[in-house]
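Enquirer: Dropping a prediction and its sequence here:
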Amino acid sequence: MESHEEKTPCPPEKIVYDPERGVRVCIETGEVIESQVIGDEAEWRAYTPDEKARRTRVGSPLSFSKPNLGVDVYVGGPKEGGRRIRGLSHRLESVRVQRGLRMGRAMTSLEKNINQALRIIEEVVARLELPYSVKEEAARLYREAANKGLTRGRSIYSMVAATIYAACRKNRYPITLDEIARAFETKEAPIKREIARNYRLLVRDLNLNIPVIEPERFVYRIASALNLPDNVTVEAIKIVKKVRQRGLTAGKDPSGLAAAAVYLAALKHGLRKTQKEVAQVAGVTEVTVRNRYKEIDAILKGEEGG
DNA sequence: AAGACGAAAGTGGTTGA
DNA sequence: TCAACAACTTTCGTCTT
């Protein structure tokens, strides 16, 4: 499980984007790789063979996140008198008209369902400032799930939430279920439990291979949210690495472990944060932070002693 | 008074007979 | 299908700063 990591100049998969500060950092060292603002620039890394094929093809790539895979003939276009159409109803109308002209028949309920889901994905992804790759993955997963009949009888919101969560996990983007649940409007907000259930459904029935997210990625997010300096981040990452060598990470919530590491690292540098604060931004409870912290402390003490 | 601590009971999921 | 199990949460009383 634990790999021998040599000191190589940060490989691409070790670099994460922090939307709050607009920088890329290495999860190995916490080092800032670039400082210019990235914005919502696309990540064109290919994660699967078919993705690669799609992206190396000549011509504009297919887009899973657009109705009809983005190959619609545009009618009227998204602009009107030089201005973007803002209202949702206008956009709906636009989509409907395009559809109607192109296909000469009404959309099936499945198509409607998928298109609605795609709009929700669009909104939520924007709200969470998730990378383009995650959006595409989520859209692709939703299409696949819908075509396999997995969405029938389930709330569209909770299914969308689950696909976004799965897309994040698949692309190793550190996020908690809580954050995703919170990104929905309160009225139709799916319950965490449902999202988790649907997520498992997706993983099982779409045979998804979800990599384990390294606690390091959460370390960076948590430290950043608490405005902790880079040296604390580096310290916390060191702690995580030590702990991993002792095999404490298996089966544990990575964000809980990361939270405890950040808490301990801040403490070491005299920048006291309460367990409550750290727990809150990490999306776990104080108790979990405390438990991990105690376990980490025991390991670290044992190491010093000899 | 706030924070840290630990015990105890509860939740929702996994595993294995 | 059921029971044991692991991880995490909720709640709460008690120290500590």
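Expert: Good, I have the coordinates. Numbering: from 1, shown residues only, chains lettered A, B, ... in the order given.

Enquirer: near DNA strand C, which residues of chain A show up?
Expert: Taking Cβ under 7 Å from any atom of the strand as the measure of proximity, chain A contacts DNA strand C at A:250-253, A:256, A:283-288, A:291-292. Where you see a C-beta, it was placed from the backbone N, CA and C, and this is true even at glycine.

Enquirer: of those, closest to residue A:158?
Expert: Within those, proximity to residue A:158 (Cβ to Cβ) peaks at residue A:283, which comes in at 18.2 Å.

Enquirer: check contacts around the residue nearest to the closest one when sequence neighbours are not counted.
Expert: Once flanking residues are discounted, residue A:283 sits nearest to residue A:176: 3.7 Å by Cβ to Cβ, 6 or more residues apart in numbering. With contacts defined as Cβ atoms under 8 Å, 6 or more residues apart in numbering, the neighbours of residue A:176 are A:255, A:282, A:283.

Enquirer: which two in the residues of chain A next to DNA strand C are spaced the farthest apart?
Expert: When Cβ to Cβ is used, the two most widely separated members of the residues of chain A next to DNA strand C are A:250 and A:286, lying 23.0 Å apart.

Enquirer: Just the ones of the contacts of residue A:176 in helices?
Expert: A:255, A:282 (DSSP state H).

Enquirer: okay if I get the contacts of residue A:176 as JSON lines plus neighbour count, pLDDT and distance to DNA strand B?
Expert: Formatted as JSON lines, the contacts of residue A:176 follow (neighbours: other Cβ atoms under 10 Å; pLDDT from 0 to 100; distance: Cβ to the nearest atom of the strand, whole Å):
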{"residue": "A:255", "neighbour count": "27", "pLDDT": "94", "distance to DNA strand B": "17"}
{"residue": "A:282", "neighbour count": "28", "pLDDT": "94", "distance to DNA strand B": "13"}
{"residue": "A:283", "neighbour count": "20", "pLDDT": "93", "distance to DNA strand B": "15"}
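
Enquirer: Tell me which helix or strand residue A:195 sits in.
Expert: helix A:192-205 (DSSP states H and E).

Enquirer: of the residues of chain A next to DNA strand C, buried ones?
Expert: Those of those that meet the buried threshold are A:252, A:253, A:256, A:283, A:284, A:286, A:288, A:292, by 16 or more other Cβ atoms under 10 Å.

Enquirer: Please confirm that the last one is located within a strand.
Expert: No - when classified by DSSP: H, G, I helix; E, B strand; the rest coil, residue A:292 is found to be helix rather than part of a strand.

Enquirer: if I look at it, how far off is residue A:259?
Expert: 7 Å (Cβ to Cβ, to the nearest Å).

Enquirer: Is residue A:271 in contact with residue A:228, as I believe?
Expert: Yes - under the criterion of Cβ atoms under 8 Å, residue A:271 makes contact with residue A:228 at 6.3 Å.

Enquirer: Looking at these two, which is more packed in?
Expert: Applying other Cβ atoms under 10 Å to residue A:271 and residue A:228 shows that residue A:228 carries more neighbours, namely 20 against 14.
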